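**Student:** this is a predicted model, with the sequence first.
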Amino acid sequence: MTGGPGGGNEHETGVPPMVHSNINDKSLPEGRIDWDLRAANIRERFYRGDTMHPSTFGYLAPTEDQKAVMSKMREAASAYADDIEEFVPSGPDKTYLLRKLREVAMWVNVALTRQPDGAPRE
């Protein structure tokens, strides 16, 4: 196929090829990321199906060491929530803070038990 969204030949999967070959393209100011290229990388990995480990959505029992760290992190989140309750005036911002803190506390468990691609941590 030709003339796809990437302007060139598409892979057998229908994913447009990369427009640039190097994410650290020297035509960009130093330290800047080509976000279009980065998005293309992510799309290509998604369409190939290799963005997440097969067990990503399965239950993963934490190790005893991970359970101990999770407990400490929950205590820290709880203490922070208590401070929010005490010092932040009631209203939608306070509600948002508490909801986000709860979300962060849950993501800590994921970060402790899984690699970025979803593979279990040893």
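**Tutor:** Cool, the structure landed. Keep in mind that this is a model prediction, so the values were computed, not measured.
**Student:** which other residues reach stretch 113-122?
**Tutor:** Applying CB atoms under 8 Å, 6 or more residues apart in numbering, the external contacts of stretch 113-122 come out as Thr51, Met52, His53, Pro54, Ser55, Thr56, Phe57, Leu60, Pro62, Gln66, Leu112. C-betas here are computed from N, CA, C, even on glycine.
**Student:** same thing but at 10 Å, please
**Tutor:** Contacting residues not belonging to stretch 113-122 are listed as 45, 50-58, 60-63, 66-67, 69-70, 110-112 [CB atoms under 10 Å, 6 or more residues apart in numbering].
**Student:** please, a ChimeraX command that selects the buried ones among those?
**Tutor:** To isolate the buried members of those in ChimeraX, using 16 or more other CB atoms under 10 Å:
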select :60,70,112
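**Student:** helix or strand: which one has the residue lying closest to Leu112 once chain neighbours are set aside?
**Tutor:** Excluding the flanking residues, the one nearest Leu112 by CB to CB, 6 or more residues apart in numbering is Gln66, at 5.0 Å. Assigned by DSSP states H and E, Gln66 belongs to helix 64-87.
**Student:** buried sites along that helix?
**Tutor:** Residues of helix 64-87 classed as buried by neighbour count (16+ other CB under 10 Å): Met70, Met73, Ala77.
**Student:** just give me the closest of these to Thr95.
**Tutor:** Each of these was checked against Thr95 using CB to CB; the closest is Ala77, at 16.2 Å.
**Student:** ok now do that closest one, which residues does it touch?
**Tutor:** Leu101, Arg102, Val104, Ala105, Met106, Val108.
**Student:** including neighbour count, secondary structure and distance to Ser90, could those go into a markdown table?
**Tutor:** Below are the contacts of Ala77 laid out as a markdown table (neighbours: other CB atoms under 10 Å; DSSP: H, G, I helix; E, B strand; the rest coil; distance: CB to CB, whole Å):
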| residue | neighbour count | secondary structure | distance to Ser90 |
| --- | --- | --- | --- |
| Leu101 | 15 | helix | 16 |
| Arg102 | 12 | helix | 17 |
| Val104 | 13 | helix | 21 |
| Ala105 | 17 | helix | 21 |
| Met106 | 11 | helix | 24 |
| Val108 | 17 | helix | 26 |
